[in-house]
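Asks: Sequence plus the predicted model coming up.
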Amino acid sequence: MWEAGSPVDRNFPELKVVCEERGVMLHVTNIFYAMMYVKVETHPTARNQAVSTQPLPAGSIILSNRAFATVLFENRKGRRCDHCLVLSEILRKCSGCASCCYCDTNCQTRHWPSHKKLCKRWNSFTSSNKFQALPPHERLDSSMARTALYNRFGNNNFTIHSHLNSFAHGIFPLASRLFNHSCAPNAAARYKLVQGQAVTMEVVALRDIPEGEEICIPYLDPALLQTRQQIFQLTYGFQCTCISCEGLKSVGPIPEVPQDPARLVALEYRLRTYVGVDDLEHYVLRTKPITQSLPPEISYFLKEDYIEHLSGVFGQSSHDGPYDRALESGVTLLAIYLLIYSENYPQIGVHALELAKTAWNASMPTNDIVRRQHAMAQVRACLSVSRRILGLYGPEGDGGGPLAEITTLQQLIDQEGQSVSDALHTSRIAP
Ligand SMILES: C[S@@+](CC[C@H](N)C(=O)[O-])C[C@H]1O[C@@H](n2cnc3c(N)ncnc32)[C@H](O)[C@@H]1O
């Protein structure tokens, strides 16, 4: 059995295969490696599908694919290298366009074969009326299309992220060729940044995948509940019929969230008990997919703009308080995430970590040992969920990030446990 998370390059030295597909030359790396774990079969509506050739344990790297071309978001240019996308304090500007920046001459040399197609024309290209009229994401893709001579963009590029925060677009030909979309995916992409190398996409199994199952990744955030079908239709030309979309369809039109605050509080409580996160200290976290049997009063919370509103409330109050408000909105948001995301979806792990940090902050002002023990139980519960999910997804992008935060918070909890036990001991032995 293949070891989950074993480094690709140790087993198979990089293979640079140039394959011809629809008249377009694509650089495909590690193709043989990928094909050990997936095979391409006919799909009833999507031409092909990638199917597992053997059981793949949760956390396995199913595919490792080096980028063919990448482009940084405008607001990240000058902060990351345009070749390897690594963050750097000191970058050297390309003297031809003064737009691309590099760690060193190695990165500049490696980027040159694609960059030379646009370098001298970069400024006239980006100031042209045609370019300026494009929406931001299409500007990115058009500049990448020019440099990579790759003409099918809308449905073939990926958003590159570090710690799940997006900062660039990229083309990963083999991943594009293999994986269809699902809003309830069994796999997801993460990105590996190495100084001097083009970024690598790794497709990770989010749960145990049996042999013969189709491997799907999310093309966009499934939390876009009302707009996602429209995006699939316009950008990719298909209607999603995954289990999540079918569940959502069976619920029917989503009513507006009630305005009456007391009614809303009661409904949020109902939602949290339905999903099983009403008691943060003792909850057993399980995703609860949307089905026809979803109680109608819970369907209110499937409104995209309400999720955005709750996320804003949580984001504002989780750092500086009021913490009770942050915990209330954060746990309601967790309940919604458990309805809409599939098992081990990384966003659930990131949110559980934010909740753990909030519960920790909320526990700090009190000297009441019993209350602090209760708060610590909440922190531990959220942290263990976060560790399980993000540990399985693995490290992504820049150093530090959620996995490092989990370690730090665990150390704080251990110290706190020691000081509480010392305090209890002192109070017991005091006369
Ligand atoms: C990046 S390609 C995926 C690979 C593609 N299946 C193939 O055979 O080359 C994206 C295209 O696959 C199809 N596709 C992806 N996910 C789909 C889904 N869930 N249902 C139907 N078609 C899908 C759509 O035509 C979409 O534009």
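Replies: Received, thanks.

Asks: What residues does the chain have near the ligand?
Replies: Proximity of the chain to the ligand, by Cβ under 6 Å from any ligand atom, involves residues 43, 45-48, 155-156, 176-177, 180-182, 236-238, 240. Where C-beta positions appear, they are placed from N, C-alpha and C, glycine not excepted.

Asks: one more time with 5 Å, if that's ok
Replies: The chain has residues Thr45, Ala46, Arg47, Asn48, Asn155, Ser176, Asn180, His181, Tyr236, Phe238 near the ligand, with proximity defined as Cβ under 5 Å from any ligand atom.

Asks: got a list of what Leu267 touches?
Replies: Pro258, Glu297, Ile298, Tyr300, Phe301 (Cβ atoms under 8 Å, 6 or more residues apart in numbering).

Asks: mind redoing it with 7 Å?
Replies: Pro258, Glu297, Tyr300 (Cβ atoms under 7 Å, 6 or more residues apart in numbering).

Asks: Val379: which of these is nearest?
Replies: The nearest member of the contacts of Leu267 to Val379, counting by Cβ to Cβ, is Tyr300 at 29.6 Å.

Asks: Now for that closest one, how many residues are close by?
Replies: 19 (other Cβ atoms under 10 Å).

Asks: That one contacts Gln259, correct?
Replies: No: look at Tyr300 against Gln259 with Cβ atoms under 7 Å: they stay out of range, at 11.4 Å.

Asks: Where do the helices of the stretch 51-200 of the chain begin and end?
Replies: 105-115, 122-127, 129-132, 136-148, 173-178 (DSSP state H, counting those that start in this stretch).

Asks: hmm, back to that, and of the contacts of Leu267, the nearest to the ligand?
Replies: Closest approach to the ligand among the contacts of Leu267 (Cβ to the nearest ligand atom): Tyr300, at 27.5 Å.

Asks: if I look at Val38, how far off is the ligand?
Replies: Val38 sits 12 Å away from the ligand, going by Cβ to the nearest ligand atom, to the nearest Å.

Asks: Pull the contacting residues for that residue.
Replies: Contacts of Val38 by Cβ under 7 Å, 6+ apart are Ala50, Val51, Ser52, Thr53, Ile62, Leu178, Ile215.

Asks: Identify the bridge partners of the third one.
Replies: It refers to Ser52. On the basis of DSSP bridges, Ser52 is bridged to Val38.

Asks: Tell me how far the nearest residue to Ile209 once chain neighbours are set aside lies from Ser64.
Replies: With sequence-adjacent residues excluded and distances taken as Cβ to Cβ, 6 or more residues apart in numbering, Ile209 is closest to Leu56, at 4.3 Å. Distance from Leu56 to Ser64, counting by Cβ to Cβ, to the nearest Å: 14 Å.

Asks: ditto for Trp360
Replies: 36 Å.

Asks: And Phe172, by the same measure?
Replies: 10 Å.

Asks: who's more crowded, the two?
Replies: Neighbour totals were compared for Phe172 and Ser64, and Phe172 leads with 30 against 23 (other Cβ under 10 Å).

Asks: show me what contacts the more buried one?
Replies: Asn65, Ala67, Phe68, Phe158, Met201.

Asks: Wasn't the last one part of a helix?
Replies: No: secondary structure of Met201 (DSSP: H, G, I helix; E, B strand; the rest coil): strand, not part of a helix.

Asks: re the thing from before, return the two entries of the contacts of Val38 that lie farthest from one another.
Replies: Thr53 and Leu178, at 12.3 Å, using Cβ to Cβ across these.

Asks: So which of these two has more stuff around it?
Replies: More crowded of Thr53 and Leu178, by other Cβ under 10 Å: Leu178, with 23 against 13.

Asks: Contact partners for that one?
Replies: Leu178 neighbours (Cβ under 7 Å, 6+ apart): Val38, Val40, Ala50, Leu63.

Asks: Could you dump the residues you listed into JSON lines with pLDDT and distance to Val385 added?
Replies: Listed next are those as JSON lines, based on pLDDT from 0 to 100; distance: Cβ to Cβ, whole Å:
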{"residue": "Val38", "pLDDT": "93", "distance to Val385": "29"}
{"residue": "Val40", "pLDDT": "92", "distance to Val385": "35"}
{"residue": "Ala50", "pLDDT": "96", "distance to Val385": "29"}
{"residue": "Leu63", "pLDDT": "93", "distance to Val385": "27"}
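
Asks: Which segments of this structure make up each domain?
Replies: 8-236, 243-429 (automatic domain parsing).

Asks: Lowest mean pLDDT across those, which one is that?
Replies: Mean pLDDT is lowest for domain 8-236 among the domains of the chain, at a mean of 84.

Asks: List just the nearest of the contacts of Leu178 to Val194.
Replies: So of the contacts of Leu178, ranked by how close each gets to Val194 (Cβ to Cβ), first place is Leu63, at 17.1 Å.

Asks: distance of that closest one from Val40?
Replies: In terms of Cβ to Cβ, Leu63 sits 12 Å off from Val40.

Asks: Same check on Val86?
Replies: 33 Å.

Asks: I figured Arg286 was touching Val275, is that so?
Replies: No: using Cβ under 7 Å, Arg286 makes no contact with Val275, being 8.2 Å away.

Asks: higher neighbour count, the two?
Replies: Neighbour tally, Arg286 and Val275, criterion other Cβ under 10 Å: the higher count belongs to Val275, 23 against 10.

Asks: Would you confirm that that one contacts Ile290?
Replies: No: using Cβ under 7 Å, Val275 is not in contact with Ile290; the gap is 11.1 Å.

Asks: what do those two both touch?
Replies: With Cβ under 7 Å, 6+ apart, Val275 and Ile290 have common neighbours Leu339.

Asks: So what does the residue positioned nearest the centre of the chain have for phi and psi?
Replies: Centroid-nearest residue in the chain: Leu164, 4.3 Å away (criterion: Cα atoms, centre = their mean). The phi/psi pair for Leu164 (degrees, to the nearest 10) reads phi 70, psi 10.

Asks: Likewise for Val194?
Replies: phi -130, psi 130.

Asks: Leu87 versus that one, what's the distance?
Replies: 13 Å.

Asks: Of these two, give the one with the bigger neighbour count.
Replies: Higher neighbour count among Val194 and Leu87: Leu87, with 17 against 11, using other Cβ under 10 Å.

Asks: quick one, what contacts that one?
Replies: Contact analysis of Leu87 by Cβ under 7 Å, 6+ apart lists Arg79, Arg80, Asp398.
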